[in-house]
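> can you look at this prediction? I've put the sequence above it.
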Amino acid sequence: MTKNAPTRYHPLQVTFHWLTVVLLFAMFPLGTYMSRLPNDTGKIALLTAHMTLGSITLIVIIARFINRFRLPRPAHATAGNAFLDWIGKIVHYLLYTLVFLMAVSGISLSLQAGLLPIIFGGSGVALSADFYVFVTRMLHGVIAPMLALLVVLHVGAALYHQFVLKDNLLSRMWYKKKNRRSIK
Ligand code: HEM
C-alpha cells in the first residue's frame, strides 16, 4: 500500500459491503426457516426469494472482490498486534471465499435437484422429497454455520476497533460527508 492510500473505501465498495450485509442477514433466517418446512408447493415462494437473493449475493461478492484490486483502498487496519492483524487479513479473505462457496453450493444444489424449471419455469413438477439426498445440500448446510461464525468474528473485530481501540474504523466503510454550504 502506498503512502497515498485513501483513508476510506471507495463509495462503490462501501455500497457493495452494506449490500452484502443486508443480503446475508436476509439469507440466513430465510434459508434456516425454509429448510424446516416440508418440500411441498408452499415452499416455492420462499425458495424463489432465497435463490434470487442468493444469486444476487454471488454477483455482488464477485464484483466486490474484483473492485478490491481495481480501486484504491485504505491500508489494512492495525490492532497493534501482528498476530491479530494477520488473523484480520485471513478472516477477510475467508469471508469472500465462504460467501462465494455458499452461493455456488446453493446454485449447484438447485441444479442437482432440478429446481430451476420448478422455481423459475413454473413446470409444476413436485420438489424432491428430501434435499439431503444431494451432496450439495450437505455442503450448503455445513458452510452456513462456518460463514455465520466468521461474520460474528468480523463484527466483533469491527466493534473492538470502534469502541475499545476508538480508532473510528467504521467511518472507513461509510460515505464521505458532503461539505455543507448554507443556502440563502
Ligand atoms: C450467500 C448466499 C446464501 C446464503 C447465506 C444461504 C443460506 C442458506 C441457509 C442458512 C440455508 C439453511 C441451511 C441449513 O439449515 O442447513 C440454506 C438452504 C438452502 N439454500 Fe441457500 N444460501 C445462499 C445462497 C443460495 C443460492 C444462490 C441458492 C440457489 C440458487 C440457494 C438455495 C438453497 C436451497 C435449495 C436450500 C435448501 C432448503 C431446504 O433444505 O429446504 N442458496 N441457504
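Ah, there it is.
> which residue is the nearest non-sequential neighbour of the residue positioned nearest the centre of the chain?
Nearest residue to the geometric centre of the chain (C-alpha atoms, centre = their mean): T20, 4.4 Å. For T20, ignoring the flanking residues on the chain, the nearest one in space by C-beta to C-beta, 6 or more residues apart in numbering is V60 at 5.7 Å. (C-beta placed from N, C-alpha, C; glycine too.)
> kindly report the same for A5.
Using C-beta to C-beta, 6+ apart and skipping the chain neighbours, the partner closest in space to A5 is A75 (5.0 Å).
> repeat for L147
Nearest in space to L147, with sequence neighbours left out and distances taken as C-beta to C-beta, 6+ apart, is L98 at 4.2 Å.
> element containing the one you found?
helix 82-112 (DSSP states H and E).
> report the contact partners of the residue nearest to L147.
By C-beta atoms under 8 Å, 6 or more residues apart in numbering, L98 lies in contact with 143, 146-147, 150.
> and the residue nearest to the centre of the chain, what helix or strand is that in?
Using DSSP H and E, T20 sits within helix 11-35.
> can the helix or strand that that helix is followed by be said to contact the ligand?
Later in the chain than helix 11-35, the nearest helix or strand by DSSP H and E is helix 44-70. Yes: on the criterion C-beta under 6 Å from any ligand atom, helix 44-70 is in touch with the ligand at 47, 50-51, 54-55, 57.
> now stretch 81-100
Yes: using C-beta under 6 Å from any ligand atom, a contact is recorded between stretch 81-100 and the ligand, made by V99.
> pull the distance from that stretch to the chain's centre.
Its chain's C-alpha centre and that of stretch 81-100 lie 14 Å apart, by C-alpha atoms, centre = their mean, to the nearest Å.
> cool, and stretch 62-80?
15 Å.
> which ones are touching P117?
123, 125.
> before we move on, back to that, select only the buried ones of the contacts of L98 in PyMOL?
In PyMOL syntax, the buried subset of the contacts of L98 is picked out as below (16 or more other C-beta atoms under 10 Å):
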select buried, resi 143+147+150
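> the contacts of L98 into TSV, with extra columns for secondary structure?
Shown next, in TSV, are the contacts of L98 (DSSP: H, G, I helix; E, B strand; the rest coil):
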residue	secondary structure
I143	helix
M146	helix
L147	helix
L150	helix
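> just the contacts of L98 now: which is nearest the ligand?
Using C-beta to the nearest ligand atom, L147 comes nearest to the ligand of the contacts of L98, at 6.4 Å.
> thinking again about what came up before, the residue nearest to the centre of the chain and A63 touch, don't they?
No: counting by C-beta atoms under 8 Å, T20 sits too far from A63 to count as a contact (10.1 Å).
> circling back to that earlier point, how near is the residue nearest to the centre of the chain to A26?
Separation of T20 from A26 (C-beta to C-beta, to the nearest Å): 11 Å.
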